[in-house]
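**Q** Only the shape, not the letters, is given here:
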């Protein structure tokens, strides 16, 4: 039983790291723009399709194809913010919700028309490999995805902490007016932050392609999970999203030891409700007025 528990925790940490990267984009968008993007999971779907076609036509492993997904996610996200989201900046929350929900429907149905309803999965040599650490077995695709997610997280932290654009993003998130007074083009920063958020989600979609097939409505499978991760960590808190992702992965994995797999999310949402009840700002969030 102990070995099974350690195995479940290990698997949960690996997949949870990927959950964190997928959700950190949503947290970044909210933290900088103050908009909850209900279409965020559709950018994960775009990343999955990008990585799939990179594998099908270029022979790239999904982890490498995820780099193309990163670029595609940034480009589409940047244009989406400049052409659509920018128009509702400062508008009522209801207008922002209508826009992002409408964007979700458009992206999902566009994918259905272009790619069809078929499930598209990849077949790689790594899927047949597992690493062994004593009695614990680690799936190679999960290990590769976790390493890719960890590297992406470190690079995001370095970007936000060490580059001028990263500091401008943080300054704009803290006080837009002050940022403008210091000469920061906040309109451009908003577009870059939104593009960076969608790029990270698309990247996460690419790295999980070895475990999850791509199809037009795949976002619906992850959208609630993404919001759970972000709320657990604290809305707008990038580090919190990563920690929340690991928590979600471990809870999902270990809950299958004591309950049927169909109910694996029961324990997760029980913890989710408890956090909302006793610490609504999230584990690392702050109470704001």
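**A** Yes, it's here. Computed from a predicted structure; not experimentally measured.

**Q** which parts of the lowest-mean-pLDDT helix or strand in the chain are buried?
**A** When the helices and strands of the chain are scored by mean pLDDT, DSSP states H and E, helix 264-278 comes last with a mean of 77. Burial within helix 264-278, assessed by neighbour count using 16 or more other CB atoms under 10 Å, is assigned to 264, 265, 267, 268, 271, 272, 275. For glycine as for every other residue, the C-beta is placed from the backbone atoms N, C-alpha and C.

**Q** could you pull out the helices for this protein?
**A** Taking DSSP state H, the helices of the chain run over residues 2-33, 40-58, 62-83, 93-115, 140-162, 164-174, 176-181, 186-207, 219-233, 238-255, 264-278.

**Q** Deepest in the core, which of those is it.
**A** Ranked by mean neighbour count, the helices of the chain are led by helix 186-207 with a mean of 27 (mean count of other CB atoms under 10 Å).

**Q** Tell me the helices and strands packed up against it.
**A** helix 2-33, helix 40-58, helix 62-83, helix 140-162, helix 164-174, helix 176-181 (3 or more CB pairs under 8 Å, 6 or more residues apart in numbering; DSSP states H and E).

**Q** Out of those, which gets nearest to residue 119?
**A** helix 40-58 (10.4 Å; CB to CB).

**Q** In the chain, where is pLDDT below threshold?
**A** Regions of the chain meeting the criterion pLDDT under 70 cover residues 261-264, 283-289.

**Q** In contact with residue 109, which residues are there?
**A** Shown in contact with residue 109 (CB atoms under 8 Å, 6 or more residues apart in numbering): residue 216.

**Q** One more: residue 146?
**A** By CB under 8 Å, 6+ apart, the contact set of residue 146 is 13, 14, 15, 17, 18.

**Q** Please tell me how far it sits from residue 56.
**A** 24 Å (CB to CB, to the nearest Å).

**Q** before we move on, the earlier item: need the contacts of residue 146 in a markdown table (columns: distance to residue 33).
**A** Output for the contacts of residue 146, formatted as a markdown table (distance: CB to CB, whole Å):
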| residue | distance to residue 33 |
| --- | --- |
| 13 | 30 |
| 14 | 31 |
| 15 | 28 |
| 17 | 25 |
| 18 | 24 |
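
**Q** Tell me which two in the residues you listed are the farthest apart.
**A** Top of the distance list for those (CB to CB): 13 and 18, 10.3 Å.

**Q** Cool, thanks, signing off.
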